[in-house]
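Participant: Quick one: sequence plus predicted model below, questions after.
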Amino acid sequence: MRLSEDVIQYFKGMAAEAGVPYQSLINLYLRDCLAQNRKVEIKWPSAA
């Protein structure tokens, strides 16, 4: 899985506050997205 460094740092910061490994926090977040049936809205720039 490829994650941007800023995304990793964001989750590492939250994980440190919660006292859990950041990989586990990412998994919990993705699991919550699955449970809530969240959909990502992606709007790619049109080719000009």
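Facilitator: Arrived safely, thanks for sending. Residues are numbered from 1 along each chain as shown.
Participant: And residue 35, how close does it get to residue 3?
Facilitator: 21 Å (Cβ to Cβ, to the nearest Å). Bear in mind the C-beta positions are built from the backbone N, C-alpha and C, glycine included.
Participant: who's more crowded, those two?
Facilitator: Regarding residue 35 and residue 3, a neighbour count based on other Cβ atoms under 10 Å identifies residue 3 as having more, with 11 against 8.
Participant: ranges for the helices of this protein?
Facilitator: Here the chain has its helices, by DSSP state H, at 5-18, 22-35.
Participant: Residue 45 is nearest to which of those helices?
Facilitator: Checking the helices of the chain against residue 45 by Cβ to Cβ gives helix 5-18 as the closest, at 20.4 Å.
Participant: which of the residues in that closest one are buried?
Facilitator: By neighbour count on 16 or more other Cβ atoms under 10 Å, the buried set for helix 5-18 is 11, 15.
Participant: Mean confidence (pLDDT) on that helix, please.
Facilitator: Averaging pLDDT along helix 5-18 yields 97.
Participant: and that helix, what other elements does it pack with?
Facilitator: Using 3 or more Cβ pairs under 8 Å, 6 or more residues apart in numbering; DSSP states H and E, the elements in contact with helix 5-18 are helix 22-35.
Participant: Show residues contacting the helix it packs on.
Facilitator: Outside helix 22-35, the residues within contact range by Cβ atoms under 8 Å, 6 or more residues apart in numbering are 3, 8, 11, 12, 14, 15, 16, 18.
Participant: cutoff 6 Å now
Facilitator: The contact list for helix 22-35 (Cβ atoms under 6 Å, 6 or more residues apart in numbering) reads 11, 12, 15.
Participant: would you turn the helices of the chain into TSV with distance to residue 46?
Facilitator: Formatted as TSV, the helices of the chain follow (distance: least, Cβ to Cβ, whole Å):
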stretch	distance to residue 46
helix 5-18	26
helix 22-35	27
